[in-house]
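structure, please.
(chains A and B)
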There are 2 protein chains.
Amino acid sequence: MLILLDMDGVLADFEQGFLDAWARKHPDQPAVAPEQRRNFYIDDDYPEHCRPLVEKIFTARGFYGGLPPIPGALQGVREMLAAGHDVSICTAPHSFVRYCVPEKYEWVEQHLGSEFVRRVIVTKDKTLVFGDVLVDDRPDIKGYRIPAWRHVIYDQPYNRAVQGLRMDWKGWRGAVESCVN
Amino acid sequence: MLILLDMDGVLADFEQGFLDAWARKHPDQPAVAPEQRRNFYIDDDYPEHCRPLVEKIFTARGFYGGLPPIPGALQGVREMLAAGHDVSICTAPHSFVRYCVPEKYEWVEQHLGSEFVRRVIVTKDKTLVFGDVLVDDRPDIKGYRIPAWRHVIYDQPYNRAVQGLRMDWKGWRGAVESCVN
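I've put the predicted structure just below:
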């Protein structure tokens, strides 16, 4: 199978990276705990007056490159490859691409190795990318066409209102391999 | 139709950008004239002792971002959109992605506008991208699968040994629209 893996919220721990940066920059401001998150876009879970500060965190230089891996993710990717699957990374950049895009490549090189960089696909529209499965924490993925892949939702508190096949890294095999045609 | 456009050698004038930088950096070294180019990779058209210098030109900061547009390309893209086609940019980054990838985004923003940035797809394997047509100067495009798109070769001196449907910007309409299923 060709498995497409989203980055933020699947491989890279956007939530933890955000919380760390938020506590560092705004120790006086309360944070929304991960379990309390309800919206895919983190800004939408913060009160309106905080949103410019929230956005400043993840548009800052070094944010995307410094995200810690999601626990179990790097091991899970190695298991997928060892099981004979092909793996590509399929990531949609933030509209402010300046730091986000190059740092995503740096992140992959640092955590998955320089050989893995050729597997990166950056696109706003993931329906244009061919694959058997797309593992993505975003619950609604729309685009130009009906996708070739089956969407496996990477389980996160903010996507639990949506029905669908879902996985975390502990259970990737059962979820992903159930999609074999 | 969904038309995928390669960047270097189709939208961005890699050849001219290289010649300008070469003349600036190595005024004492002869350049290979565009009409004399025979290989897709420019290094292969230079004598072996020059290749490290050649590579240094296009891995330098500012090279990709500073490429001039291919004459007629920006007008051609506007014509494609005006004709009702969808257009995405489908570009394979150089393995040294550090400057190349972010500067490709800067180039698109500068020459085609910030609204166009969302149309950029960066991938080493173009066979994974869905489209009706891929306009690309690289004569041999291989990858994971048999592509969905029809390859239209963007005419360049270094790809003329290869048979196939080809176009330049003056003749895009005849070539691209002949691919309608």
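
all the strands of chain A, residue numbers only.
Using DSSP state E, the strands assigned to chain A run over residues A:2-5, A:86-91, A:120-123, A:133-136, A:150-154, A:166-167.

give me whichever of those strands is most buried.
Looking across those with neighbours counted as mean count of other Cβ atoms under 10 Å in any protein chain shown, the highest average goes to strand A:133-136: a mean of 26. Every C-beta, even on glycine, is put in place using the N, C-alpha and C of the backbone.

so what secondary structure elements neighbour that strand?
Here strand A:133-136 touches strand A:2-5, strand A:150-154, helix A:172-177, going by 3 or more Cβ pairs under 8 Å, 6 or more residues apart in numbering or on different chains; DSSP states H and E.

turn those into TSV, including mean pLDDT.
Shown next, in TSV, are the helices and strands packed on strand A:133-136 (pLDDT from 0 to 100):
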stretch	mean pLDDT
strand A:2-5	98
strand A:150-154	98
helix A:172-177	95
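
what's the closest of those to residue A:164?
strand A:150-154 (4.8 Å; Cβ to Cβ).

returning to that earlier point: tabulate the strands of chain A (CSV), appending distance to residue B:159.
Shown next, in CSV, are the strands of chain A (distance: least, Cβ to Cβ, whole Å):
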stretch, distance to residue B:159
strand A:2-5, 29
strand A:86-91, 27
strand A:120-123, 25
strand A:133-136, 34
strand A:150-154, 37
strand A:166-167, 44
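
quick one: closest of these to residue B:104.
Nearest to residue B:104 among the strands of chain A is strand A:120-123 (9.9 Å), distances taken as Cβ to Cβ.

near chain B at all, the closest one?
Yes: using Cβ under 8 Å from any Cβ of the partner chain, strand A:120-123 reaches chain B at A:120-123.

now do that strand, average pLDDT.
In this model, strand A:120-123 has a mean pLDDT of 97.

would you check that residue A:19 makes contact with residue A:37?
No: applying Cβ atoms under 8 Å, one finds residue A:19 not in contact with residue A:37, separated by 10.5 Å.

how about the residue nearest to residue A:58 when sequence neighbours are not counted, what does it touch?
Nearest non-adjacent residue to residue A:58, counting by Cβ to Cβ, 6 or more residues apart in numbering or on different chains: residue A:18, 6.5 Å away. By Cβ atoms under 8 Å, 6 or more residues apart in numbering or on different chains, the contact set of residue A:18 is A:42, A:54, A:57-58.

before we move on, back to that, between the strands of chain A, which one is closest to residue A:71.
strand A:150-154 (12.6 Å).

measure the closest residue to residue A:170 other than its chain neighbours to chain B for me?
Distances taken as Cβ to Cβ, 6+ apart put residue A:72 closest to residue A:170, at 6.3 Å, once the chain neighbours are dropped. Distance from residue A:72 to chain B, counting by Cβ to the nearest Cβ, to the nearest Å: 26 Å.

residue A:109 too?
Using Cβ to the nearest Cβ, residue A:109 is found at 9 Å from chain B.

what about residue A:75, how many neighbours?
Residues lying near residue A:75 (other Cβ atoms under 10 Å in any protein chain shown) number 13.

ok so, going back, give me the distance between the residue nearest to residue A:170 and residue A:172.
9 Å (Cβ to Cβ, to the nearest Å).

same question, residue A:45
Distance of residue A:45 to residue A:172, given as Cβ to Cβ: 27 Å.

neighbour count for those two, which is higher?
Counted by other Cβ under 10 Å, residue A:45 and residue A:172 do not tie: residue A:172 has more neighbours, with 24 against 17.

for that one, which non-adjacent residue is closest in space?
Closest residue to residue A:172 apart from its sequence neighbours, by Cβ to Cβ, 6+ apart: residue A:76 at 5.2 Å.

again with residue A:9
Distances taken as Cβ to Cβ, 6+ apart place residue A:137 nearest to residue A:9, at 3.5 Å, with adjacent residues excluded.

the one you found: what's it in contact with?
Neighbour list for residue A:137: A:6, A:8-10, A:40, A:153-156, A:158-159 [criterion: Cβ under 8 Å, 6+ apart].
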